[in-house]
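*Asks:* what shape does this take:
(chains A and B)
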Amino acid sequence: MTEPVTFDTNGYLGYTDRLSVPAGETITFHVSSRRGDFRADILRVRCADADPAGPGLRLKPMPSAIDGEHKGMLQPIRPGSCIVVPPSTLFAPASGLSVGAYVFPTLIEDRTRSVMACWSGNTGWALTIGPDGAGLRLGTDAEPIVVTTGAALELRRWYWISATLDPASGRVIVTQLRLADGNLPARRLVADIRHAAAWRLDADAPFVIGAQSAGAGLYEAHVDGKIERPRVYAGVIDDAALRQFDADPRPGAVDPGLVGLWDFSLGIPTLVASDLSANRFDGRLHQMPMRAAIGVRWDGRIQDWRLDPTQYGAIHFHSDDIVDCLWQPTLTLAVPADWRSGFYTLRLRPVVEDPAQPAESYVPFFVTPGRHQPRAKLAVVASTATFLAYANSALRLDHVHFEALLESVLQLTPDDVFLQENPELGQSTYDKHVDGSGHCHSSWRRPILNTRPRSNPFNYAVDTHFLDWLEEKGIDYDVLTDVELDRQGAAALQPYLTVATLSHPEYYTAGMMNALLAHQGRGGRHIYFGGNGFYWRCAFHPACPSVLEMRRGLTGTRTWESVSGEVHMAGTGEPGGLWRHSGFAPQKLVGVGFVAMVYDRSGWYERTGQSDDPRAAFIFAGLDRHEPIGKFGLRYGGAVGVEIDRFDLELGSPPHALVVATSEGLGPGSLPSPEEFRTMVHGLGGDQNAHVRADMVFFETPDGGAVFSTGSISYLLSLGTSGYDNNVSRLTENVVRRFLDATPFAMPDAC
Amino acid sequence: MMHTDDPAAARYRLDPARLDLAREFRAKIRGPHSEELRALLNRMRWGPLKGRWVLVVADPGRAWWLAEMPGKRGLPVKIDKSRLFTSLDEAEWHVFTLRWRALTGQELKLD
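*Replies:* Below is the predicted model:
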């Protein structure tokens, strides 16, 4: 074989200011180019899956005003969260400096990090933690003065650290107090030295908590870990007095020496860090560190920060937090008012093609119907919350168990290799930060490598197989996204008779769940073509709408779990974790819910006795009674695969629902999710466990509506087999056409 | 440490004389496999990220390079462009032989 020529899919990277745009409105692209100038055009996506064994890439050029050459420039990504307070001379007091904070370091390694700093290159000051322990760095006209305790803080333990500088005597005291923890007693280390007064506390720089200013709006020396109640005092007070500011101030007892004391338990759903001092030096959160983190005062009696925010006075900072690359805008597209809604992408290519080194990069976006456009009967919902949750997944890069789970050598796409080598892009909510804590935020204001044409074929690329099939069948449809479902609720679905959710609508906000349920309850129809849907409770952050927030509960299929007390989201206060544990299991919405992962071999469906009910006759028109359904399919070889769902009355499946088909052919590598069994027993695998199955379910809903669920992620990958002439395609067409027929469905009399 | 995070959490002692397991795997790369072979494969597929053998897609669905993971974010993936596979089964078998040698200290010789 001749040497393969691979596309450079990351020579240009980009993101959009909004994930979805109604036809007739504008969307802005932020592009970074490693290859200089570029050519841009817009494509409408029919199939984004590059696998040559399937339909292949099907992208339709959509001429627009941004077609053509554009200036390209490299725009860096600078991850790392902190809190920024505008500059003030009050942070350089002549009367002496006393500073302190509670800290809970989670990663130190060989770097010194600034817990708080008013620092400008070589002048100012910083309270630090590092391999030499807590420290105070003082700027001078030459090398800084550094005083440290000499012993690194232990990871994941609470400390009180403080430092004082007495300008009269030149005395510097740094205190590092480990709070008692388990069998370990409190332990105090103190460095106490005198320096000649050559320091320069003045710094024309913002005051920063969790990092220090690097000038020009940039930050460095980021902390990995929690910080609570940092404070700055103008004057020399001893360590005990500095800690006394933990007490709430009495009315009429303002201490004029207090420059700032930040209480992170205030405004947890916001991006503001409130200063309790008379100076009102409120700070602004940068790159969204994690709030609603248990603090030094958490007593273990509550799990919900809303019950007593004072127990959640910490913020967890990460040196690799990234929610907004803050790139300059590059292109703005006025989406023509007559464009059909759909999956779209900006394509970026070199001005001059080099056939030996082809480059082609995509920036995805979604066009939704314009305000005055006529609507189709069918709305397809792009699972953008799930796309965000998986955005830049490093499952194939960083996870010990993943190859054993997939039962094959891991295949990395060039995008995976790029992510491995450029981690500043930020990983997914399946991954951990560098300090080992889980990512609980994911934002679309950064390049996302796995949600675009040519990307690793999961979620986004799989979902486009349904678009491809609809186009093939000539069935009209509109596209909405989770953003519309979340922001507009059921009103977003009001124009539609039928809504389709695709291969993996796993992450759902409360608004999205209720929107679908309301649609179903007022005569609307819903076809759920996926598996593991409606599983995790998540929320878009109210103060930062491009950010999806989630917490990993204490069970469920997950790659990390939230620490005790941190399951409630900061933005809305809702419990994270599974919808099943919020009283709204997926079975209640669509009749089936997640049961197992299937990675050894896929299965197929066989009809059940309930499929002979006349209510289900339309589903199987043209199929033989006993033919296996979906014993074929792209990549997985069967319509029942990857992740599957089952019917369960106890979890809320409607009692009148018909389980019209169920899976066969699953093996020992089909393994149930942890919430599916309460104690370990033999026989949990799919070869022995009757619960490990995909159920195909149909039921009617009030006022003529209905729901049809397939309960399998790989279902859509069977549509295109044999030129779309197969029984999955036929069954799907039966269901879609009936669901688009306005003739009401009738609920059984007993309901 | 959580089981799924622990590179040392998989336990299986490979007897280098068990060539029958290698023959079973070569004959049916994608399974289904015997219980003993499943245990061996699980052991082979578990382990530290540093030095893990992976494939890098050279041509989607058609060709793959052998590669080795560096074990830390930000470091380059070592891609061996002299080892191009046009069959996933062929690649899977090759990695099996590499891991056999790593676990036993012996080359895998079947014939």
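*Asks:* under the pLDDT cut-off, which ranges of chain A? List them.
*Replies:* Within chain A, the ranges that satisfy pLDDT under 70 run A:1-2, A:246-249.
*Asks:* touching, A:F540 and A:M550? I think so.
*Replies:* No: with contacts defined as C-beta atoms under 8 Å, A:F540 does not count as touching A:M550, sitting 10.4 Å away. Any C-beta I mention is one placed from the backbone N, CA and C, and that applies to glycine too.
*Asks:* those two: who's more crowded?
*Replies:* Taking other C-beta atoms under 10 Å in any protein chain shown, A:F540 and A:M550 do not tie; A:M550 has more neighbours (25 against 22).
*Asks:* can you show me the helices along the chain?
*Replies:* Picking chain A for this. Counting by DSSP state H, one finds helices in chain A at the ranges A:239-243, A:384-389, A:395-398, A:402-406, A:414-421, A:460-473, A:482-488, A:510-521, A:586-590, A:727-739.
*Asks:* could you do chain B instead?
*Replies:* Using DSSP H, the helices assigned to chain B run over residues B:19-27, B:35-45, B:88-104.
*Asks:* and the ones you listed as CSV, adding mean neighbour count, mean pLDDT and distance to A:I66?
*Replies:* Formatted as CSV, the helices of chain B follow (neighbours: other C-beta atoms under 10 Å in any protein chain shown; pLDDT from 0 to 100; distance: least, C-beta to C-beta, whole Å):
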stretch, mean neighbour count, mean pLDDT, distance to A:I66
helix B:19-27, 15, 97, 53
helix B:35-45, 18, 96, 46
helix B:88-104, 17, 97, 40
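*Asks:* can you lay out those as a markdown table showing distance to A:D416?
*Replies:* Rendered in a markdown table, the data for these read as follows (distance: least, C-beta to C-beta, whole Å):
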| stretch | distance to A:D416 |
| --- | --- |
| helix B:19-27 | 26 |
| helix B:35-45 | 17 |
| helix B:88-104 | 16 |
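*Asks:* out of everything not next to it in sequence, what's closest to the residue in the stretch 101-250 of chain A that chain B sits nearest to?
*Replies:* Here the stretch 101-250 of chain A gets closest to chain B at one residue, A:E109, 11.5 Å apart by C-beta to the nearest C-beta. Using C-beta to C-beta, 6 or more residues apart in numbering or on different chains and skipping the chain neighbours, the partner closest in space to A:E109 is A:P131 (7.5 Å).
*Asks:* for that neighbour, what are its contacts?
*Replies:* A:108-112, A:152 (C-beta atoms under 8 Å, 6 or more residues apart in numbering or on different chains).
*Asks:* which of those residues ranks first by neighbour count?
*Replies:* For the contacts of A:P131, the largest neighbour count, defined by other C-beta under 10 Å, is 21 neighbours, found at A:I108.
*Asks:* which residues does the nearest residue to A:T16 once chain neighbours are set aside bridge with?
*Replies:* Ranked by C-beta to C-beta, 6+ apart and with sequence neighbours excluded, the top spatial neighbour of A:T16 is A:F365, at 5.0 Å. Each beta-bridge partner of A:F365 is listed here, defined by DSSP bridges: A:Y344.
*Asks:* residues in contact with the closest residue to chain B within the stretch 451-600 of chain A?
*Replies:* The nearest approach of the stretch 451-600 of chain A to chain B comes at A:D600, 6.3 Å away (C-beta to the nearest C-beta). Shown here is A:D600, whose contacts under the criterion C-beta under 8 Å, 6+ apart are A:407, A:667-670, B:31-32.
*Asks:* and A:R371, what are its phi and psi?
*Replies:* phi -60, psi -40 (degrees, to the nearest 10).
*Asks:* residues contacting it?
*Replies:* Under the contact definition (C-beta under 8 Å, 6+ apart), the residues listed for A:R371 are A:22, A:24.
*Asks:* that one and chain B: what is the separation?
*Replies:* A:R371 sits at a distance of 39 Å from chain B (criterion: C-beta to the nearest C-beta, to the nearest Å).
*Asks:* relative to helix A:727-739, how tilted is the longest strand anywhere in chain A?
*Replies:* If each strand of chain A is counted by residues according to DSSP state E, the longest one is strand A:592-607. Here strand A:592-607 points in a direction 110 degrees away from that of helix A:727-739 (axes from the mean of the first three to the mean of the last three C-alpha atoms, to 10 degrees).
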